[in-house]
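**Student:** Just need the structure, nothing else, for what follows:
(chains A and B)
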2 protein chains.
Amino acid sequence: MKGLMMDYPLTVTSLMRHVAAQHGASEVYSLTVENPAHRTTYAEIFRRCARLANALRRLGMKEGDRVATMAWNDYRHMELYYGISCMGGVLHTINPRLFPEQLQYIVNHAEDRFLFSDPLLLPLLEKLHADFPTVEAHVLLSSKQAMPESSVPNLISYEELIEGESDSFDWPALDENTASSMCYTSGTTGNPKGVLYSHRSTILHTYASGLSDAININSTDSVLPVVPMFHANSWGVVYCAPMVGARLVLPGPKAGDPEALVAMMNSERVTTALGVPTVWLGLLNYLEATGQHLETVRDLVVGGAACPRSMMVDFEERHGIHVIHAWGMTEMSPLGSVNAPTASTGGMDAEAKLHQQLSQGRAPYGVEMRLVDDDGGELPRDGKAVGRLQVRGSWVAHGYYRAEESALEDGWFDTGDVASIDPEGFMRITDRTKDLIKSGGEWISSIELEDVAMAHPAVAEAAVIAMPHAKWSERPLLIVCLKEDAAVDADTLLAWFEGKVAKWWIPDAVEFTDELPHTATGKVSKLKLREQFAAAG
Amino acid sequence: MKGLMMDYPLTVTSLMRHVAAQHGASEVYSLTVENPAHRTTYAEIFRRCARLANALRRLGMKEGDRVATMAWNDYRHMELYYGISCMGGVLHTINPRLFPEQLQYIVNHAEDRFLFSDPLLLPLLEKLHADFPTVEAHVLLSSKQAMPESSVPNLISYEELIEGESDSFDWPALDENTASSMCYTSGTTGNPKGVLYSHRSTILHTYASGLSDAININSTDSVLPVVPMFHANSWGVVYCAPMVGARLVLPGPKAGDPEALVAMMNSERVTTALGVPTVWLGLLNYLEATGQHLETVRDLVVGGAACPRSMMVDFEERHGIHVIHAWGMTEMSPLGSVNAPTASTGGMDAEAKLHQQLSQGRAPYGVEMRLVDDDGGELPRDGKAVGRLQVRGSWVAHGYYRAEESALEDGWFDTGDVASIDPEGFMRITDRTKDLIKSGGEWISSIELEDVAMAHPAVAEAAVIAMPHAKWSERPLLIVCLKEDAAVDADTLLAWFEGKVAKWWIPDAVEFTDELPHTATGKVSKLKLREQFAAAG
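**Tutor:** Below is the predicted model:
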């Protein structure tokens, strides 16, 4: 027997309608190449979404067409988010920091019909546009006045494109399973793979993100996504902040600039900011070097890579900012788990509390997790057993765009991570499957060693990779980048590990480097490190 | 083009799995007729749900069968919630305070196959069971030991029913639109009507309830639903509290006993409690009479009827408890709107803030509202225009059980309320359509007059009804019930309205009564008042 409740599809369109009706006056601040402090409202953004949709229809866009963006976090990018998805198109956000050959592969694989690029990325576009044969029109996210000269044929400004179009658009009634956006994961091996989100998965992810044990924002908050809008939809916050009526503060091209970020956070009264550890490390160093502090920030959401222990301690103890440790994947929209205290956290001593807070946290309702051994047997959730982490749920991908086979194993998606889960559901990643070090038949966690290294006062960033070893099969190599003006020698650094990890876990050697290589999403590239230090063993 | 996300149905079963996996150890406290402090956990409740499902299957229960409960808020009732819905049955919660003929109508209309009753309701059951021919088995929510003698044939105890059954049950994979529970509305005219919730509507309602601008609970909270589990699923909190891992404190038959409630709230460290104004008025009087206070309560969710101004002021100013004013209907699962502060509330003076907080609040994402005039034309959201309030959304009914016609008007459900909506989405109910008073061609709001009367220090409860009038067509009559040992005469009370409402709104007369009649859901019954005072005009 079916219930007798309304058939009300979960679409981004209904979210847009909700926000326009009651949070229309909430502000969106953007820093763009043209304007250091552009201010608009959700209502105005949605009016411009209608203009955009009218313009795209004029250009012949049909439902299901892919429309690509190479852009920073600002109001125009947000207009593309809502305008394209709500007209039934697929918003394809591209990470401009990928290698040119990856960009070429992605645009051609997605068969993007239109490409919207930030003016700062024009040099890149000029190099690549000839390799994008499916793209019929190039639009630069710029006013007409500020349009630069360019070799890209028929390049048009965004403002000219939407100028004169109507403020209203008859948004189609979409099936909730319609694709709304896509994002390619840049795997360390093989070609990038396209994750295709649906309206339904986006909406359910938005509900879960807004829970008080998740991102924990409401209509009184001012939210800064430093995480890019091309990085799994800036962790969904471009949907969640409007849903609850929070202000958005969008840093444009300044997401990597601690000085600009700190100024923006203080002047725009930011209460919650989201980003990867690399960004927060830079910000923390800047705060310490300048003696400035963050006046209004309550929560810092740290994801994309494990939050180093020292970083959490510094933010909490020296700056009074609560760190919310989160974990996810592009294939998970991306929210997989969030670390929030439980009733039992209250009874813990400081060390136990910190230990728990450094885990990746718990899955919100809508994501299920399990651990399996190499034979696919399920492992206990006892906080000790370590196995392959698999997930399923409302906002988890079951396959990739234009890939025939299902990406699932027995209905579950394998994250590629190795983890434990405790009886309360706290999940702790010990490594990426491919980064584990197997020494003498036992596993060593590269993440734990990195965490110990990064707690050393002289170390700015650290990575551990496996080196082949004749007797032990593999042994850990520690690679560190020191803080400016700091000094430590290899023996001292290795002695630092004593008592902190099992003796046989301590790396055999240290390599010092000026900079660690990062992937396009800001993670340390262990692939490049392995190439670079292939001879070090 | 469809997205490539997992097909993960929104079912109560997946919620149960989530709660078991990570909030299994969270406690559920119950007061029952057998036990003043029964303690269990979600994990144990779900194990007993499996036993219950095995027992019901043994009795021949099939998917879609209706199973009725006449029970207070306790752990056994919660087991019925999850056990019945997750096995594909329809949990039919019945309000035992309805008239016997309504109970008879409801059970027969729903064709309930099984009926689970609280021991305290046995006298009622003994009177009525012969009128319930569709009910094949009667179960008393009791241990075997405590089973009373009874004239109900083959009456079995709940504990005997589930004893010896397996702790595990192969829960079926349900379509998310499957009916999960039903609740009859006791309309003031005609027969009660059955609202049939689905798994999907229940889950979406649960997500929205958990948002920080809604019920605002998380895993560190201890939540007391005074609102009964037969009153629109105790406003969904029996799903929402487990979802976020909060503790539940269930008051059993003591929901109307201020002394027991205050003791429970303090001993069980309750942070959030939910109930109708009548309950909170009683509690407030008890606190003032005894000098006790609530030690841990942060939020009081008030719904089911408008929160009187004086009650909000007393709780906030004298007890330091934040009142969350909410509004809903059985047909809305029931959450329609919640009052939470916005960014602009901060700049308001105390009076403006209180005025805003006394409105019914804003719709969470998932509910849309509109105002229409008598011709169905849409009215502006300017905070001034007043019209019929209509809603649509993910957890709104489109029809009633075994009723042919749609309950909708142009896709919208008419709430029967008259309201305004301001540009920020704050909705303010001015009256029930049928309670409005039309005087000299203009509307008078009975709710506003009641609010003024209840702010008078001598008044315990007040109601205003329309009396026929030769010249003005209708005029307001004020009916009041005074506080114990308080005294005020009619003229003094009417003078109290001067300067607080328009002169022509001031009631023509006052009737004093020892008690106002209430409906089975705790609201003042204006129908009965109109009968009672028919001659007063």
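**Student:** Could you count how many residues lie near A:Asp167?
**Tutor:** A total of 12 residues lie near A:Asp167 under the criterion other Cβ atoms under 10 Å in any protein chain shown. Where you see a C-beta, it was placed from the backbone N, CA and C, and this is true even at glycine.
**Student:** I meant to write A:Trp472 there.
**Tutor:** For A:Trp472, using other Cβ under 10 Å, the count is 18.
**Student:** and if you look at A:Leu155?
**Tutor:** Using other Cβ under 10 Å: A:Leu155 sits among 20 other residues.
**Student:** Equivalent analysis for the one 3 residues further on, please.
**Tutor:** For A:Tyr158, the number of neighbouring residues by other Cβ under 10 Å comes to 24.
**Student:** can you tell me the helix or strand for A:Glu79?
**Tutor:** helix A:75-86 (DSSP states H and E).
**Student:** If you count contacts, what does that helix end up packed against?
**Tutor:** Helices and strands touching helix A:75-86, by 3 or more Cβ pairs under 8 Å, 6 or more residues apart in numbering or on different chains; DSSP states H and E, are helix A:12-22, strand A:27-30, helix A:42-58, strand A:66-70, strand A:90-93, strand A:179-185, strand A:247-250.
**Student:** Now find how far off-centre the fourth one is within its chain.
**Tutor:** Its chain's C-alpha centre lies 18 Å from the corresponding centre of strand A:66-70 when counted by Cα atoms, centre = their mean, to the nearest Å.
**Student:** outside of the helix-or-strand element of chain A with minimal mean pLDDT, which residues touch it?
**Tutor:** Least confident helix or strand of chain A, by mean pLDDT, DSSP states H and E, is strand A:442-444 with a mean of 82. With contact meaning Cβ atoms under 8 Å, 6 or more residues apart in numbering or on different chains, strand A:442-444 is reached by A:386, A:418, A:430-431, A:436-438, A:476, A:504-505.
**Student:** can you list these in a markdown table and add distance to B:Lys62?
**Tutor:** As requested, the contacts of strand A:442-444 are exported to a markdown table (distance: Cβ to Cβ, whole Å):
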| residue | distance to B:Lys62 |
| --- | --- |
| A:Val386 | 44 |
| A:Val418 | 44 |
| A:Thr430 | 47 |
| A:Asp431 | 49 |
| A:Leu436 | 50 |
| A:Ile437 | 56 |
| A:Lys438 | 54 |
| A:Pro476 | 60 |
| A:Trp504 | 60 |
| A:Trp505 | 58 |
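**Student:** which one among the residues you listed gets closest to chain B?
**Tutor:** A:Val386 (17.8 Å; Cβ to the nearest Cβ).
**Student:** Identify the residue spatially nearest to that closest one, adjacent ones excluded.
**Tutor:** A:Ser420 (5.0 Å; Cβ to Cβ, 6 or more residues apart in numbering or on different chains).
**Student:** can you list the weak-confidence ranges in chain A?
**Tutor:** A:187-189, A:536-537 (pLDDT under 70).
**Student:** and the most centrally placed residue in chain A, how far is that from B:Asp175?
**Tutor:** Nearest to the geometric centre of chain A sits A:His231, at 4.4 Å (Cα atoms, centre = their mean). Look at A:His231 and B:Asp175: by Cβ to Cβ, to the nearest Å, they are 35 Å apart.
**Student:** and of the helices and strands packed on helix A:75-86, who's closest to chain B?
**Tutor:** Across those, closest to chain B is helix A:12-22 (Cβ to the nearest Cβ), at 2.7 Å.
**Student:** the inter-axis angle of the closest one versus helix A:42-58?
**Tutor:** With axes from the mean of the first three to the mean of the last three Cα atoms, to 10 degrees defining the directions, helix A:12-22 sits at 140 degrees from helix A:42-58.
**Student:** who's in contact with helix A:12-22?
**Tutor:** Contacts of helix A:12-22 (Cβ under 8 Å, 6+ apart): A:8, A:26, A:42-43, A:46, A:49, A:82, A:85-86, A:171-172, A:174, A:180, A:199, A:202-203, A:206, A:239, A:242-243, A:245, B:362-363, B:365-366, B:368-369, B:381, B:424-425.
**Student:** And the residue of the stretch 301-450 of chain A closest to chain B?
**Tutor:** Counting by Cβ to the nearest Cβ, the stretch 301-450 of chain A gets nearest chain B through A:Gly425, at 2.7 Å.
**Student:** Would you check that A:Arg247 makes contact with A:Ser26?
**Tutor:** Yes. Under the criterion of Cβ atoms under 8 Å, A:Arg247 makes contact with A:Ser26 at 5.7 Å.
**Student:** anything in contact with each of these two?
**Tutor:** With Cβ under 8 Å, 6+ apart as the test, A:Arg247 and A:Ser26 both reach B:Ala343.
**Student:** among the contacts of helix A:12-22, which are in strands?
**Tutor:** Under the assignment DSSP state E, the contacts of helix A:12-22 contribute A:180, B:368-369 to strands.
**Student:** quick one: which of those is nearest B:Gln102?
**Tutor:** Set against B:Gln102, the nearest of those by Cβ to Cβ is B:Met369 (29.9 Å).
**Student:** what about that closest one, how many neighbours?
**Tutor:** Neighbours around B:Met369, by other Cβ under 10 Å: 22.
**Student:** swap in A:Asp257?
**Tutor:** So A:Asp257, with other Cβ under 10 Å, has 17 neighbours.
**Student:** Could you check how far it is from A:Val396?
**Tutor:** 34 Å.
**Student:** could the helices and strands packed on helix A:75-86 go into a markdown table alongside mean neighbour count and distance to B:Ser151?
**Tutor:** Formatted as a markdown table, the helices and strands packed on helix A:75-86 follow (neighbours: other Cβ atoms under 10 Å in any protein chain shown; distance: least, Cβ to Cβ, whole Å):
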| stretch | mean neighbour count | distance to B:Ser151 |
| --- | --- | --- |
| helix A:12-22 | 22 | 54 |
| strand A:27-30 | 20 | 68 |
| helix A:42-58 | 21 | 64 |
| strand A:66-70 | 27 | 71 |
| strand A:90-93 | 26 | 67 |
| strand A:179-185 | 25 | 61 |
| strand A:247-250 | 27 | 65 |
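**Student:** For A:Met348, find the nearest of those.
**Tutor:** strand A:247-250 (33.7 Å).
**Student:** moving C-terminal of that closest one, what's the next helix or strand?
**Tutor:** Beyond strand A:247-250 toward the C-terminal end (DSSP H and E), the next one is helix A:258-267.
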